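# My questions are about this predicted structure, shown below with the sequence.
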Amino acid sequence: MRGSRPTDRVGDRHWSGGVRLAACCALVFCAMTMLVDWDAETLTPARALLWLTLSAAVFTVLLPPRVTAGHGWLAVSGPLRRRVVRTEALVCVRQFSGASSHLVLRDSEGNRLELDPRVLAADPLLWHELDTGVRRSVERGTLRQGTDVLSRLGHRIDDETARAVLRESGIT
């Protein structure tokens, strides 16, 4: 019964939607720039290549990082690199807020990654994998900074989940 076993890794369920949005924006940008250039009768092969290159850059900039997690690890993959931390050996967790709130996780091996906490709030399986690893880090005594940050984030995720359940059930 292979289908009943839990998977070894989980990923952000909303990542593919972000990729589709990035692709649509890049395609619209490409189409609009080529149409304007064609209408002005200045479209040449070199300019078309320029617009295609700029459209690829737009796609790369808008492409959301892919967040995956498994037993004891969390990874964030961007277009150029992949960062992985061992959640069972975290030493520090910090949250920076402002225009773009993000979590910074660092493990005992010196690995570091940044991720948007909304990704964790939107995907309970990712949050569960991180929370399980954090609990092991606390048990082992490696996590010395950031337990309050994760506690607040956990409460916020639980509150949002409870509100969503109540909203879907028609109670509120």
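Great, that's in hand.

# All the strands of the chain, in order from the start?
Remark: strands assigned in the chain by DSSP state E are 9-11, 66-70, 73-77, 82-86, 90-96, 102-107, 112-115.

# possible to save these as a markdown table with mean pLDDT, distance to Val19 and mean neighbour count?
C-beta here means a position set from N, CA and C on the backbone, and glycine is covered the same way. Listed next are the strands of the chain as a markdown table, based on pLDDT from 0 to 100; distance: least, C-beta to C-beta, whole Å; neighbours: other C-beta atoms under 10 Å:
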| stretch | mean pLDDT | distance to Val19 | mean neighbour count |
| --- | --- | --- | --- |
| strand 9-11 | 81 | 12 | 16 |
| strand 66-70 | 93 | 9 | 20 |
| strand 73-77 | 94 | 12 | 20 |
| strand 82-86 | 95 | 16 | 18 |
| strand 90-96 | 90 | 25 | 17 |
| strand 102-107 | 92 | 20 | 20 |
| strand 112-115 | 92 | 17 | 17 |
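
# Which of those sits closest to Val134?
With C-beta to C-beta as the criterion, Val134 lies closest to strand 90-96 of the strands of the chain, at 6.3 Å.

# and the angle for that closest one with strand 73-77?
Calculated by axes from the mean of the first three to the mean of the last three C-alpha atoms, to 10 degrees, strand 90-96 forms an angle of 50 degrees with strand 73-77.

# contacting residues around strand 90-96?
Here strand 90-96 makes contact (C-beta atoms under 8 Å, 6 or more residues apart in numbering) with 101-108, 117, 133-134, 137, 142-147, 149-150, 153.
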